[in-house]
Every structure is written in C-alpha cells, then in structure tokens.
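Trainee: Got a predicted structure here, sequence first:
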Amino acid sequence: MNQSAILSESKLAHQIDILSESKYVFETEINAINLVKEALDEKFVRIVELISNCTGKVIVTGMGKPGHVSRKIAATMSSLGTSSFFLHPAEALHGDLGMISANDIVIAISYSGESEEITRILPNIKLIGATLIGISGNQNSSLIKYSDYSFVFPKFKEACSMNLAPTSSTTVEMVLGDALAVCLSKIYGFKERNYALYHPAGSLGKKLLIKVKDIMQSGDKNAVVKVGTKLKDAIIEMSTKAIGIINIVNKNNELIGVFTDGDLRRTLTREVNVYDLSVDDVMVKTPIYIDSDMLAIDALKMMRDNNISALPIVRDMKLVGTVRVNDILGVGIFV
C-alpha cells in the first residue's frame, strides 16, 4: 500500500463531525470560565488591591502555553496603566532575575504549579524580597506553597479530547488576567486620553492626541495674500500652493478673510474681469477659523458640519496655517 493510500485510509478512520466537535470546545471552555467566575472571592479582591498599591513593577511569568498567556497579560496591564512586563522563567535562571526588585510584585502562572522553570526561580524571588502571587489549578503545588498570595482555579475539564493539552486552562488564565487589568485600570481612573497616550499609533491615539498644528500647511506651503491684492495674483497663489483656499491677512498678519476654489468658480460664472477685481471684492469677510491647539478630529467634524474642505488656523490673533480635510484623513483620522 502506497503512502497516499495509507493517508486516505487514516483520514477515513478519523472522520469527525467538525461542527459538533467545535461546539464542544466552546461549551467546555465557556463552562470553565463560568466556574472560575463563580470562584472569584476575597482572595482575588486582595490581589487586585495589592497590585494597585504596588510601588514597583508588576512582573508576570509562566512557562510554555501559560508563558504565552503571561506575556499577553503583561501587555494588557501595561496598555491599561499598570507598569508591567513579562519575564521568561528560563532566562530568569540565567541572570534575568536581576530585573526583579524587593518592591516588585511577581505573578507566576502555572496550572500544575510544578513547572520546573517556575519552581526553580521561586526561592530566589523570595530571597530578593518581591511579593509572589501564584495562580494555579493545584492547591497543593509548590507554586502555591511558596506564594504570599494566590488564586487557585476550581476543577474543570480541558477542551482537549484527551483532557491533556492546555486549552480551557489557558483560556481562564487569559480571562483572569483581563479581569485584573480592567479592575486595576478602573481603580486608577484610567480614561481614553490615558489609553491614547500609550497607543499613539492607534486610531484612538490619533483622535485624542493629534492637533491641527501637527499636520497644518504652514510657512511656504500656506496660501496667503495681503488685503488689496489683485484677484489674478491671488488665483496664481492658490494655484501654486494647491490647497484650495487663500487666506487674506492685513499688515499685522491678522486674518481678514478667505477665498476658496469654490468662491473662484462662483465668481467666474458671473463673467467678471479678474484683472479688475481685488480679493477684497470677493473674499468671505467672516470666515470660520480655528485655534492651532484644536484636535484634528474636532476640526474634521467642524468641516464636515459646515461642508467645507479647509480651515484657517489662528493663534493669538495671527494666521499660522491651514488644515484641509485631506490632511486629517491622511494621518488616519476619520469621523
């Protein structure tokens, strides 16, 4: 029998109802989450309070699959205001224990509580003087015995058909870590602006941090003429700068009016002689303008509400630039 025939026969022998098996995994892990939810008690509350009062760092460690979960927990905590990082227990055995100080909190995650790399660093963590929080599914494990504070999961089944591979256990570890991070963020009074500060490249960060002065057209890129300028010269300036708006200022660089490409089209339909007119004759004398410290997202909303594509930017009564809809959309900000 050739290899293809062997593989085909193997596949036939292991045909399964994929939807039923998948739903079983969901049901098993949801059941595990519910069991852990009901098991939350004052021990968990004490852990949250302990971390919220930590004067040092929060260090999360785990090996294997719980290690991947630990790395995610540390990242979520950091993004929600708890200074935290992941420590690989194997690297800790070779010098990275120096990252831990006496005023730190170490959260060690091991479902069995007996992972070799974890149990080998426990004595040193105690010698350093850091507070150890153990999270495990084994009340009698070395991890729990060493821990100053602990949370032990109730008994549940792994979603793995052999009840061996970390499936339900890693799911509940992840959810427990999320619960810690979210509760801590609320204790700190962590708000959207704080979140944006730690996520400047994200869409929320951009909306809450980027101001019009950060993206405005200014200096030689800004289209500006003085009052009394001939309309033909203003049109040349508008064409050269290609930002769709001319700002008209007085000798003190104070904004007097604006003239847009839309205004130009309307002017030309009147069959006027652009050589005879001054910008003073056609400009909008009560233009909408904004301060340079306005958030870009607010400027975008204002332009959308007023059906305009550009706004002059003024600071201390002086024209400093222009911002366009495309400038804001170009940095990834959308209403």
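Mentor: Nice, I can see it.
Trainee: Just want to check the distance between the residue nearest to the spatial centre of the chain and I187.
Mentor: When CA atoms, centre = their mean is applied to the chain, the residue found nearest the centroid is H199 (4.2 Å). In this view, H199 and I187 are 20 Å apart by CB to CB, to the nearest Å. Quick note: C-beta positions are derived from backbone N, CA and C, even for glycine.
Trainee: Please apply the same query to D280.
Mentor: Taken as CB to CB, the span from D280 to I187 is 60 Å.
Trainee: likewise V258?
Mentor: In this view, V258 and I187 are 49 Å apart by CB to CB.
Trainee: So for those two, which sits in the more crowded spot?
Mentor: V258 (24 against 15; other CB atoms under 10 Å).
Trainee: need the strands for the stretch 101-250 of the chain, in chain order.
Mentor: Assigned by DSSP state E, counting those that start in this stretch, the strands in the stretch 101-250 of the chain fall at 105-109, 131-136, 149-152, 224-226, 245-249.
Trainee: hmm, who's touching the third one?
Mentor: Residues from elsewhere that reach strand 149-152 (CB atoms under 8 Å, 6 or more residues apart in numbering): 43-44, 46-47, 50, 131-139, 143-144, 176.
Trainee: Alpha carbons of that strand, as PDB, please.
Mentor: Provided in PDB are the C-alpha atoms of strand 149-152 (Å, rounded to 0.1, in the frame of the first residue of the first chain):
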ATOM      1  CA  TYR A 149      -0.900  35.400  47.800                       C
ATOM      2  CA  SER A 150      -2.600  33.000  45.500                       C
ATOM      3  CA  PHE A 151      -5.600  32.200  43.400                       C
ATOM      4  CA  VAL A 152      -6.400  28.500  42.700                       C
END
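Trainee: Run me through the strand neighbours of it, direction for each.
Mentor: The strands that strand 149-152 pairs with in its sheet are strand 131-136 (parallel) (by DSSP bridges).
Trainee: relative to strand 105-109, how tilted is the strand it pairs with?
Mentor: Going by axes from the mean of the first three to the mean of the last three CA atoms, to 10 degrees, strand 131-136 is angled at 20 degrees with respect to strand 105-109.
Trainee: chain center to strand 131-136: distance?
Mentor: 28 Å (CA atoms, centre = their mean, to the nearest Å).
Trainee: With just CA atoms, put it into CSV.
Mentor: The C-alpha trace of strand 131-136 is given here as CSV (Å, rounded to 0.1, in the frame of the first residue of the first chain):
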residue,chain,number,x,y,z
THR,A,131,5.9,39.7,46.7
LEU,A,132,4.9,36.5,44.9
ILE,A,133,1.3,35.9,43.6
GLY,A,134,0.7,32.3,42.4
ILE,A,135,-2.0,31.4,40.0
SER,A,136,-2.6,27.7,39.6
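Trainee: Quick one: mean pLDDT over it.
Mentor: Averaged across strand 131-136, pLDDT comes to 98.
Trainee: mind listing what's buried in that strand?
Mentor: By neighbour count on 16 or more other CB atoms under 10 Å, the buried set for strand 131-136 is 131-136.
Trainee: cool, and stretch 17-32?
Mentor: Buried-residue list, stretch 17-32, by 16+ other CB under 10 Å: 25, 28-29, 32.
Trainee: which among the residues you listed gets closest to D276?
Mentor: Distances from D276 to the buried residues of stretch 17-32, taken as CB to CB, are shortest for E29 (78.7 Å).
Trainee: right, and the closest one touches S169 too?
Mentor: No - assessed by CB atoms under 8 Å, E29 is found out of contact with S169, at 9.5 Å.
Trainee: where does this protein have low pLDDT?
Mentor: Applying pLDDT under 70 to the chain picks out residues 1-14, 201, 204.
Trainee: that older thread, mind putting the strands of the stretch 101-250 of the chain in JSON lines, distance to K301 included?
Mentor: Output for these, formatted as JSON lines (distance: least, CB to CB, whole Å):
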{"stretch": "strand 105-109", "distance to K301": "42"}
{"stretch": "strand 131-136", "distance to K301": "45"}
{"stretch": "strand 149-152", "distance to K301": "45"}
{"stretch": "strand 224-226", "distance to K301": "25"}
{"stretch": "strand 245-249", "distance to K301": "18"}
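Trainee: Please identify which of the ones you listed is closest to Q217.
Mentor: So among the strands of the stretch 101-250 of the chain, strand 245-249 is nearest, using CB to CB, at 9.3 Å.
Trainee: Show me the strands paired with the closest one, marking each as parallel or antiparallel.
Mentor: Sheet neighbours of strand 245-249, with direction, are listed as strand 224-226 (parallel), strand 255-260 (antiparallel) (DSSP bridges).
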